[in-house]
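Generate a structure from the sequence data that follows.
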Amino acid sequence: MDATLEAVKRNTFGRNEAGRLRRAGQIPAVLYGGESKEGVSLAVDPKALSKILHSKSGVNTLISLKLDGGGDTRVLVKEYQLEPISHRLIHADFYKVAMDKALKVTVPIHLEGEAKGVKAQGGVVEFVNREIEIECLPADIPEHITIDITELMLHQGVRVREIATKDVKWKAVTDGDLLIVHVVMPKVEEAPAADAAAAPAAAAEPEVIKKGKKDEEGAEPAAAPAKGTEKSEKKK
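Sure, this is the predicted structure:
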């Protein structure tokens, strides 16, 4: 996907200038690449840039940067910063790309189809790695890479080297052995042990014993017969 973004050069810097820009509906940005090693300071519309970043191709969107209303410069977003609480864009960095030179980008993985190992064998799909790094020309950057998992049975998966590459204009840079997705048995929670269930009853036993002892120790001793009674019985 291609997009267009307006930008203007700026010659003033610092926190005060950044604050002034944001109040005016712009954010500071820097363009890297080309002749300038330190980068060119710019100001761009955060709403227009946010729309690009939220598109299907996201940070991999090839942008035609119109600098001061002049000609187009093809760029990609290098990085951007968000305000921690509001999540609004507050800064962005771009870098120039040469349309005839391959570059490395990270692309998301999309899954399609319902795995047979789920439908027929009761397994579950575990999506292990959701993106890979590829190399291609700027104009050939895909929005995403699709993997059809329909034929996956239980304990089967797809690694990077097994991703279909027919009629594509990119090559994978990520290690070919990296697992992308597989079908596994669902995890079963272990039932609590039987002795664990009996533990409360066992714990109650000392209390019963303790109560019994307390009752015995606290019982009053039997009253001794009166002396006078004993003498009268002897006389009889």
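
roughly how far apart are the residue nearest the centre of the chain and Leu62?
Nearest residue to the geometric centre of the chain (Cα atoms, centre = their mean): Arg130, 10.1 Å. To Leu62, Arg130 is 22 Å away according to Cβ to Cβ, to the nearest Å. To be clear about C-beta, it is placed using only N, CA and C from the backbone, and glycine gets the same treatment.

circling back: what sits against the residue nearest to the centre of the chain?
Arg130 makes contacts with 108-109, as judged by Cβ atoms under 8 Å, 6 or more residues apart in numbering.

Going forward, the N-terminal residue is numbered 41.
Let's use 41 as the start, then, which means that last one is Arg170.

What degree of burial does Cys183 show, as a neighbour count?
Wrong residue type there; residue 183 is Glu, not Cys. Glu183 has 15 neighbouring residues, counting by other Cβ atoms under 10 Å.

can you pull the contacts of it?
Glu183 makes contact with 41, 96-97, 100, 147, according to Cβ under 8 Å, 6+ apart.

ok so it is a strand residue?
No - Glu183: not assigned to a strand; according to DSSP: H, G, I helix; E, B strand; the rest coil it is coil.

Nearest to Leu71 among the contacts of Glu183?
Asn100 (17.6 Å; Cβ to Cβ).

so that closest one touches Leu116, yeah?
Yes - the criterion here is Cβ atoms under 8 Å, and Asn100 meets it with Leu116 at 7.0 Å.

shared neighbours of these two, anything?
When contacts are counted by Cβ under 8 Å, 6+ apart, Asn100 and Leu116 are jointly contacted by Val145.

Tell me what Leu122 is bridged to.
Bridge pairing for Leu122 (DSSP bridges) gives the partners Leu129.
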